[in-house]
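# Everything below, folded, please.
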Amino acid sequence: MDIPATHVPRDGETDDREADVGGAHNRVSARDSLFLAAMVRREDAAAEGPVRVRNLSAGGMMMDCSLDLARGDRIEITLRGIGIVKGRVAWREDARIGVAFDEQIDPKLARKPVGSGGGDLPHYVRPTTSGRRPGLRSE
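Below you'll find the model as predicted:
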């Protein structure tokens, strides 16, 4: 299927393509639709800004971004549960931007609940394992 380089994926699309800076579409992994806050910055600039991730796959993502980024720009995205991911802007239409990652990621890590490990939580916030309330005496 031939898709023009200006094609912008819309919410709910399930095709298996991944946009490339050269205009070729080579999606090899499934895309996961979600809304996730992240931070992005151009590799050659210190300033960063917030973005909203609309969908995420092992090889790239689509985000809403108001920063002045152009096709081909090298960027770093800080994703919750994953960390800093490097990539490049593959396409842009208004505030929607497609990103192709330099290396594959595990997108499921971004969906893990914050604090799910429990190791860094104070004892009074951790889930109980016994079902018994502290201080309750049974006779």
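# Could you point out which residue ranges in the chain have low pLDDT?
Within the chain, the segments meeting pLDDT under 70 span 1-32, 113-139.
# mind listing the strands in it by residue range?
Assigned strands in the chain, in chain order: 32-42, 48-56, 60-64, 74-79, 83-93, 96-101 (criterion: DSSP state E).
# Give me the buried stretch members for the fifth one, please.
Burial within strand 83-93, assessed by neighbour count using 16 or more other Cβ atoms under 10 Å, is assigned to V85, G87, R88, V89, A90, W91, R92. Placement of C-beta: from N, CA and C, glycine included.
# helices or strands next to that strand in the packing?
If you count contacts as 3 or more Cβ pairs under 8 Å, 6 or more residues apart in numbering; DSSP states H and E, strand 83-93 packs onto strand 74-79, strand 96-101.
# the inter-axis angle of that strand versus strand 96-101?
130 degrees (axes from the mean of the first three to the mean of the last three Cα atoms, to 10 degrees).
# So what are the sheet partners of strand 83-93 and their directions?
Strand 83-93 has the following strand partners under DSSP bridges: strand 74-79 (antiparallel), strand 96-101 (antiparallel).
# Minimum distance to M63: which of these has it?
Of all these, the one in closest proximity to M63, counting by Cβ to Cβ, is strand 96-101 (5.4 Å).
# in the closest one, what counts as buried?
Going by 16+ other Cβ under 10 Å, strand 96-101 has these buried residues: I97, G98, V99, A100, F101.
# mind checking how far the first one is from K112?
In this case it means I97. Separation of I97 from K112 (Cβ to Cβ, to the nearest Å): 24 Å.
# Could you identify the most distant pair in the buried residues of strand 96-101?
I97 and F101 (13.1 Å).
# how close does the nearest residue to M63 once chain neighbours are set aside get to I84?
Leaving aside its sequence neighbours, M63 sits nearest to V51 (Cβ to Cβ, 6 or more residues apart in numbering; 4.4 Å). Distance check for V51 against I84: by Cβ to Cβ, it reads 14 Å.
# D73 now?
Here the distance between D73 and I84 works out to 16 Å (Cβ to Cβ).
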